[in-house]
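In: give me a model of this one.
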Amino acid sequence: MNSVKGNLSVPACLPGILLPAVAVAHGGADGHSGFVAGFLHPLGGADHLLAMLAAGFWAVQLGGRAIWLLPSVFVAAMSLGGMAGLAGMDLPLMEVAIFFSAPVFGAMIALGYRLSLSVAISLVGFFALFHGWAHGAEIPQAADAAGYDFGFVLATLALNACGLLLGLLVRGTRCLYAQRYAGGAIICVAFLFSAVH
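Out: Next up, the predicted model:
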């Protein structure tokens with residue numbers, strides 16, 4: 001019971017982790033600095049947000065080295081995709097891949113698939129590449145590229161960390177079906193978001 005209480009206190013501190021970075025970033029002129037735009041970009045779309053949370057959550061479900069490898073690969077692949085997007089390179093089926101990332105991660109969580117670490121890393125890296133490309137391609141014209149890149153990388157790290165913490169919280173409840181419900185919820189929200197947009 002103590003471990004559950006300890007885990008419950010962790011999500012309560014998340015706003016305290018995220019908000020100072022945004023507040024400091026708003027020191028730029030008229031609030032449109034590259035860092036601010038980059039940091040807010042992953043937070044502005046449910047497709048990005050859900051995929052990053054789900055990747056962290058899935059890492060906890062897989063356990064072991066996946067807990068740090070999956071978020072690390074997500075950030076690394078997303079950074080590469082972001083550079084490609086900033087450079088103006090074309091990436092086919094970007095919207096399709098971004099849309100399916102959250103439902104695929106949600107399905108892995110809901111069904112409890114125990115994929116090998118190499119397959120899980122490849123899947124996460126594949127989808128993260130498309131998310132990064134979208135971030136890079138949608139940089140505002142006046143934004144500083146380096147600051148923008150740093151901003152969306154930092155936001156991605158924060159969202160992956162939130163997913164890890166949520167995964168630990170759910171695992172701490174020791175409810176057999178809690179992870180499956182969480183995976184199902186990710187899938188439902190992803191499709192609902194797609195339907196209203």
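
In: tell me which helix or strand the residue most central in space within the chain sits in.
Out: The structure's the chain has its C-alpha centroid closest to residue 52; by C-alpha atoms, centre = their mean the separation is 1.4 Å. Secondary structure from DSSP states H and E places residue 52 in helix 46-62.

In: same question for residue 85.
Out: Residue 85 is part of helix 66-86, with elements assigned from DSSP H and E.

In: alpha carbons of that helix, as CSV, please.
Out: Output of helix 66-86 as CSV, limited to C-alpha atoms (Å, rounded to 0.1, in the frame of the first residue of the first chain):
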residue,chain,number,x,y,z
ALA,A,66,13.0,-0.9,-22.0
ILE,A,67,12.2,1.6,-19.3
TRP,A,68,15.1,3.8,-20.3
LEU,A,69,15.8,2.6,-23.8
LEU,A,70,12.3,3.3,-25.3
PRO,A,71,12.2,6.9,-24.3
SER,A,72,15.8,7.4,-25.3
VAL,A,73,15.2,6.0,-28.7
PHE,A,74,12.0,8.0,-29.1
VAL,A,75,13.9,11.3,-28.4
ALA,A,76,16.8,10.3,-30.6
ALA,A,77,14.7,9.3,-33.6
MET,A,78,12.4,12.3,-33.2
SER,A,79,15.5,14.6,-33.2
LEU,A,80,16.7,13.0,-36.4
GLY,A,81,13.2,13.5,-37.9
GLY,A,82,13.1,17.0,-36.7
MET,A,83,16.4,17.8,-38.5
ALA,A,84,15.0,16.3,-41.7
GLY,A,85,11.9,18.4,-41.3
LEU,A,86,13.9,21.6,-40.7
